[in-house]
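[1] Kindly generate the corresponding structure for this input.
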Amino acid sequence: MDKLKKVLSGQDTEDRGGLSEVVEAASLSSSTRIKGFIACFAAGILCSLLGTLLLWVPRKGLYLFAVFYTFGNIASLGSTLFLMGPMKQLKRMIEPTRLIATIMVLLCITLTLCSAFWWHNRGLALIFCILQSLALTWYSLSYIPFARNAVKKCFAVCLA
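    Residues are numbered from 1 along each chain as shown. The predicted structure follows:
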């Protein structure tokens with residue numbers, strides 16, 4: 001609204017480049033970002049649950065499980081793109097504090113699909129899906145201050 005007032009009053013005299021106009025036109029409002037996050041995250045959970053149910057379908061169940069479960073986790077991970085934007089998300093994914101977690105998530109996603117499509121091993125696919133969920137949880141905890149330390153201390157106390 002302020003920009004509209006500046007333009008109408010003749011105060012907006014700066015020469016804006018084409019890139020800044022594209023970025024401004026492509027940016028989402030905060031309510032649209034939240035709606036996109038919720039929709040993408042809900043679709044991810046729905047796909048993961050559907051994949052889990054499809055695991056026990058004869059013959060094609062393993063393939064459907066691997067695809068739906070993995071797509072669900074990718075959609076859940078991708079839902080944060082709505083909140084912080086794609087470039088910021090990618091930069092934060094390769095920060096030293098979460099680089100190993102990012103690699104583990106991507107590795108588990110890849111191994112899940114490999115175990116379903118190339119190795120045809122239902123047990124391995126299930127193990128890699130569990131590891132995929134654990135890696136995604138560990139990755140997500142890296143965004144909450146001190147959450148990883150709290151989880152480590154909880155496990156240390158439980159195992160001691």
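[2] contact partners of the longest helix belonging to the chain?
    Assignment by DSSP state H gives helix 30-54 as the longest helix of the chain. Helix 30-54 is contacted by residues 28, 61, 64-83 when judged by CB atoms under 8 Å, 6 or more residues apart in numbering. Every residue, glycine included, has its C-beta placed from N, CA and C.
[3] Run through this protein and note the low-pLDDT ranges.
    1-26 (pLDDT under 70).
[4] 80 instead, please
    1-27, 55 (pLDDT under 80).
[5] how about the helices in it?
    Ranges of helices in the chain, per DSSP H, are 2-9, 18-26, 30-54, 61-78, 80-84, 86-93, 99-117, 122-141, 147-159.
[6] Return the most buried member of the ones you listed.
    Among these, helix 61-78 has the highest mean neighbour count (mean count of other CB atoms under 10 Å), at a mean of 20.
[7] how about it as CSV, C-alpha atoms only?
    This file holds the C-alpha atoms of helix 61-78, laid out as CSV (Å, rounded to 0.1, in the frame of the first residue of the first chain):
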residue,chain,number,x,y,z
GLY,A,61,2.7,-52.8,-3.0
LEU,A,62,6.4,-52.4,-2.4
TYR,A,63,6.8,-50.0,-5.3
LEU,A,64,3.8,-48.0,-4.3
PHE,A,65,4.9,-47.9,-0.7
ALA,A,66,8.4,-46.7,-1.6
VAL,A,67,7.1,-44.0,-4.0
PHE,A,68,4.3,-42.7,-1.8
TYR,A,69,6.2,-42.8,1.5
THR,A,70,9.3,-41.1,-0.1
PHE,A,71,7.1,-38.5,-1.9
GLY,A,72,5.4,-37.8,1.4
ASN,A,73,8.6,-37.1,3.2
ILE,A,74,9.9,-35.0,0.3
ALA,A,75,6.6,-33.0,0.4
SER,A,76,6.9,-32.5,4.1
LEU,A,77,10.5,-31.4,3.8
GLY,A,78,9.5,-29.2,0.8
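[8] That one to helix 99-117, inter-axis angle?
    160 degrees (axes from the mean of the first three to the mean of the last three CA atoms, to 10 degrees).
[9] And the contacts of helix 61-78?
    Contact partners of helix 61-78, identified using CB under 8 Å, 6+ apart, comprise 40-41, 43-52, 54-55, 57, 105, 109, 112-113, 115-117, 120, 122, 125, 129, 132-133, 136, 139.
[10] For the residue lying closest to residue 107 once chain neighbours are set aside, list the residues it contacts.
    Once flanking residues are discounted, residue 107 sits nearest to residue 135: 7.8 Å by CB to CB, 6 or more residues apart in numbering. Contacts for residue 135 were tallied using CB under 8 Å, 6+ apart; they are 101, 104-105, 107-108.
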